[in-house]
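K.L.:
Coordinates only, no sequence provided:
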């Protein structure tokens, strides 16, 4: 039997997944340089991510509905094209507000990319294979979050604009999706009103609502303390260079990739809800440890703890959600989840910016620990004992 990672269609999805993280991960090391270039307060730099993720709140549900009704490819190919063109155009921005406008446009493409890639995995695989495929995909995502900050750090040493040129890789990928991806497409015979009614009814169960909440809280932690304020901690406290910032943040991804790649084996010895609960504990430990670090290198340990949480959380929550959702409604389920991910990405810099302004930089990480505790409560109470059947 062919190894799952050799599946041609899954490999194309892996490439799409890399695009889903490129728009943020490659830019992180350049944040301090942007603050200096545009002479803006540190508390406002999070707008680089807020304007990028904001369109997902609006467009992710629409992308899901259209992907269910028209087909996955018809939405994914234009999304990749918009992402690539608008992202590369950021290279030429000479004004912070113009840069934010371009990031908003790029975010309209990104809104669909991170939704449809997981939907296609749910379409292609079932049962334990789906869990394993989600784990492999999370591992690839982690490789991207490891490589892109490092590459972005090297490019940022040249200029703060250079990391944006990486977005051009989305254009040849759009061609691959259009002509080489062989994926099943949902039936579009169902009446639209009946389709929406069935989808909304399916989303009202406590397990789905709990998974939605966990996605929101996960991305508040990721895009608040980790993505936006860890670079500032490293730069202000330890005078870390963009390259060192990239190295520290990338370290989490190796642990994420390791944990996610073992998801098929872990699923045989512990339940998916238990792994999600353990991830919340790992997040909390990471948030508490980061303010106590006494050097940039020592930050690697808590960052790796965060990476462990990601490896246990994301493959399980995504595979559970795709298994619950019927194929004809799967994209809209994932798009609502994507909307909440984007909501977390969007409000996290603002929320943590308020914490930073009102208290201190260290308080941002303690606030992240509180968010992780809320995740633990939700997973322990509402997902306990729940198992997705292995044959769906």
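P.N.:
Received it, and whenever you're ready, just let me know what you need. Quick caveat, the model's predicted, so the values are computed rather than measured.

K.L.:
separation between residue 29 and residue 195?
P.N.:
Distance, residue 29 to residue 195, using C-beta to C-beta, to the nearest Å: 44 Å. (Glycine included, C-beta is placed from N, CA and C.)

K.L.:
which one of these two has more residues nearby?
P.N.:
Between residue 29 and residue 195, counted using other C-beta atoms under 10 Å, residue 29 has the larger neighbour count: 34 against 19.

K.L.:
got a list of what the more buried one touches?
P.N.:
Residues in contact with residue 29 (C-beta atoms under 8 Å, 6 or more residues apart in numbering) are 149, 152-153, 156, 163, 231, 242-243, 245-246, 249.

K.L.:
of all these, which comes closest to residue 95?
P.N.:
residue 163 (18.1 Å; C-beta to C-beta).

K.L.:
quick one, helices of the stretch 201-350 of the chain?
P.N.:
206-221, 230-238, 242-261, 263-266, 272-289, 300-324, 327-358 (DSSP state H, counting those that start in this stretch).

K.L.:
Now mean pLDDT, mean neighbour count and distance to residue 174 too, for those helices, in CSV please.
P.N.:
CSV is the format used below for those (pLDDT from 0 to 100; neighbours: other C-beta atoms under 10 Å; distance: least, C-beta to C-beta, whole Å):
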stretch, mean pLDDT, mean neighbour count, distance to residue 174
helix 206-221, 92, 21, 25
helix 230-238, 85, 20, 30
helix 242-261, 80, 24, 25
helix 263-266, 79, 18, 29
helix 272-289, 93, 22, 33
helix 300-324, 89, 25, 23
helix 327-358, 86, 23, 18
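
K.L.:
Of all these, which one is nearest residue 107?
P.N.:
Short answer: helix 327-358, nearest of the helices of the stretch 201-350 of the chain by C-beta to C-beta, at 8.1 Å.

K.L.:
I'd like the distance from the closest one to the chain centre, please.
P.N.:
Offset of helix 327-358 from its chain centre (C-alpha atoms, centre = their mean, to the nearest Å): 10 Å.

K.L.:
Which elements pack onto it?
P.N.:
Here helix 327-358 touches helix 47-69, helix 96-124, helix 192-203, helix 206-221, helix 300-324, helix 361-382, going by 3 or more C-beta pairs under 8 Å, 6 or more residues apart in numbering; DSSP states H and E.

K.L.:
Can you lay out the helices of the stretch 201-350 of the chain as JSON lines showing distance to residue 96?
P.N.:
What follows is the helices of the stretch 201-350 of the chain, written out as JSON lines (distance: least, C-beta to C-beta, whole Å):
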{"stretch": "helix 206-221", "distance to residue 96": "24"}
{"stretch": "helix 230-238", "distance to residue 96": "17"}
{"stretch": "helix 242-261", "distance to residue 96": "18"}
{"stretch": "helix 263-266", "distance to residue 96": "41"}
{"stretch": "helix 272-289", "distance to residue 96": "30"}
{"stretch": "helix 300-324", "distance to residue 96": "28"}
{"stretch": "helix 327-358", "distance to residue 96": "15"}
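
K.L.:
how many other residues sit next to residue 93?
P.N.:
Residues contacting residue 93 under the criterion other C-beta under 10 Å number 18.

K.L.:
List the contacts of the residue nearest to residue 46 when sequence neighbours are not counted.
P.N.:
Excluding the flanking residues, the one nearest residue 46 by C-beta to C-beta, 6 or more residues apart in numbering is residue 349, at 2.5 Å. Applying C-beta under 8 Å, 6+ apart, we find residue 349 in contact with 45-47, 49-50, 223-224, 228.

K.L.:
and what of residue 103?
P.N.:
Contact partners of residue 103, counting by C-beta under 8 Å, 6+ apart, are 48, 51-52, 86, 90.

K.L.:
Looking at the helices of the stretch 201-350 of the chain, which is nearest to residue 62?
P.N.:
helix 327-358 (7.7 Å).

K.L.:
orientation of that closest one relative to helix 361-382 in degrees?
P.N.:
Angle of helix 327-358 versus helix 361-382, following axes from the mean of the first three to the mean of the last three C-alpha atoms, to 10 degrees, is 150 degrees.

K.L.:
okay, now the residue lying closest to residue 327 once chain neighbours are set aside: neighbour count?
P.N.:
Using C-beta to C-beta, 6+ apart and skipping the chain neighbours, the partner closest in space to residue 327 is residue 186 (5.3 Å). Around residue 186 there are 21 other residues, counting by other C-beta under 10 Å.

K.L.:
For residue 186, which three-state class applies?
P.N.:
At residue 186 the chain is in coil, as set by DSSP: H, G, I helix; E, B strand; the rest coil.

K.L.:
Please state the backbone phi and psi of it?
P.N.:
For residue 186, the backbone dihedrals (degrees, to the nearest 10) come out as phi -70, psi 160.

K.L.:
My read is that it contacts residue 68, right?
P.N.:
Yes - if you go by C-beta atoms under 8 Å, residue 186 and residue 68 touch, sitting 5.5 Å apart.

K.L.:
Find the residues that touch each one of those two.
P.N.:
Common neighbours of residue 186 and residue 68, using C-beta under 8 Å, 6+ apart, are 328, 330-331.

K.L.:
Looking at these, which one is closest to residue 296?
P.N.:
Checking those against residue 296 with C-beta to C-beta, the nearest one is residue 331 at 41.4 Å.

K.L.:
quick one: contacts for that closest one?
P.N.:
Listed by C-beta under 8 Å, 6+ apart, the contact set of residue 331 reads 63-65, 67-68, 72, 115-116, 119, 186.

K.L.:
wait, which of the residues you listed is closest to residue 266?
P.N.:
Using C-beta to C-beta, the contacts of residue 331 come closest to residue 266 at residue 119, 23.5 Å.

K.L.:
residues touching that closest one, list them.
P.N.:
The contact partners of residue 119, taken as C-beta under 8 Å, 6+ apart, are 64, 67, 72, 322, 330-331, 334.
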